[in-house]
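test case, fold it:
(one chain, ligands or ions: 2)
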Amino acid sequence: AAQTPLVYLRDIDASIRQDMRYAGPDNFTGRPLPGYDAAECMVRQPVALALKRVQAALAANGYSLKVYDCYRPTRAVAAMAAWARDPKATPDTSRFYPKLDKSRLFALGYISNRSAHSRGVAVDLTVVPLNAAPVAPFAPVVRYGACTTPQPERAPDDSLDMGTGFDCFDVKSHTASPAITPAQTANRRILLDAMRKHGFTNYKREWWHFSYGRADDGVAFNAAIRKR
Ligand SMILES: C[C@@H](N)C(=O)N[C@H](C)C(=O)O
Ligand SMILES: [Zn+2]
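Ligands and ions are numbered 1, 2, ... in the order given. Model prediction:
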């Protein structure tokens, strides 16, 4: 993104996996979001350097980070809000919010109008075993189970089982949810401990969302994410 302090994460650490969900159809709107012209993670440089340190610590234990979203242009946030207000929006993506009315997702705190992602200081991410077996590619025609169902029923993801899928707007995604198994809790801990140790703060309603407050100067951007 020109005229911004954002860097490509791939230039700082190419070993961090990237599965940029808002650049394709596997997200709660069912479509690529405006401003995601390339499936690339961009963040402020201190955030990228901190992620590199987290990645080094995880790699020593046989894991890798996998980012789902990084810098989010403000036009994409506006598109998320328009989608939440539109009861006729297609395709049906209720697998991401099985128990909620989508018009409440902003008010309930699952999506932000003034997102730290637009300031380049937030990341949505998970942990993948380095020896993870390959999973089937996402197929828009398949009717996947709700994001709260057991992992084999959800849309494919080679991540550790965190108890819900990414962007699962449900109380089960609250980081300290008691409604998940001890193994799923332990998996969340691997991510939480590694990120906290390197200066990130988790958002208590979403096990996947972390921000890096020390790099936040309050300035948001709308530049598109372009090919590296
Ligand atoms: C939408 C979800 N991935 C997310 O990032 N939520 C937080 C609250 C945000 O929009 O900043
Ligand atoms: Zn987020």
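
sec struct for whatever residue of the chain ends up closest to ligand 2, please.
Proximity of the chain to ligand 2 (CB to the ion) peaks at residue 209, 3.6 Å away. Quick note: C-beta positions are derived from backbone N, CA and C, even for glycine. Put simply, residue 209 is strand when judged by DSSP: H, G, I helix; E, B strand; the rest coil.

what's the distance between it and residue 126?
Going from residue 209 to residue 126 by CB to CB, to the nearest Å gives 11 Å.

ok, now residue 182?
Here residue 182 is placed at a distance of 18 Å from residue 126 (CB to CB).

likewise for residue 97?
19 Å.

still on that earlier bit, okay, residue 182 and residue 126: which has more neighbours?
Per other CB atoms under 10 Å, whichever of residue 182 and residue 126 has more neighbours is residue 126, with 26 against 7.

for stretch 114-132, C-alpha coordinates in CSV please.
Written as CSV, here are the backbone C-alpha positions of stretch 114-132 (Å, rounded to 0.1, in the frame of the first residue of the first chain):
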residue,chain,number,x,y,z
ARG,A,114,-12.9,1.4,13.8
SER,A,115,-10.8,-1.7,13.6
ALA,A,116,-7.2,-1.9,14.7
HIS,A,117,-6.7,-3.9,11.5
SER,A,118,-7.1,-0.7,9.5
ARG,A,119,-4.3,0.8,11.5
GLY,A,120,-2.0,-2.1,10.6
VAL,A,121,-1.6,-3.2,14.3
ALA,A,122,-4.0,-6.2,14.5
VAL,A,123,-3.7,-9.7,13.2
ASP,A,124,-6.1,-12.6,13.0
LEU,A,125,-4.1,-15.9,13.2
THR,A,126,-3.8,-19.5,14.4
VAL,A,127,-1.2,-22.2,14.9
VAL,A,128,-0.5,-25.0,12.4
PRO,A,129,1.6,-28.1,13.2
LEU,A,130,4.7,-28.1,10.9
ASN,A,131,3.8,-31.6,9.9
ALA,A,132,0.1,-31.0,9.3
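
picking up where we left off before, hang on, isn't the residue of the chain closest to ligand 2 packed against residue 124?
Yes. At 5.4 Å, residue 209 and residue 124 qualify as touching, with contact defined as CB atoms under 8 Å.

quick one: is stretch 129-147 near ligand 1?
No. Shown here: stretch 129-147 not in contact with ligand 1 (CB under 6 Å from any ligand atom), separated by at least 12.1 Å.

for stretch 21-30, same thing?
No. Stretch 21-30 does not reach ligand 1 (CB under 6 Å from any ligand atom); its nearest approach is 7.4 Å.
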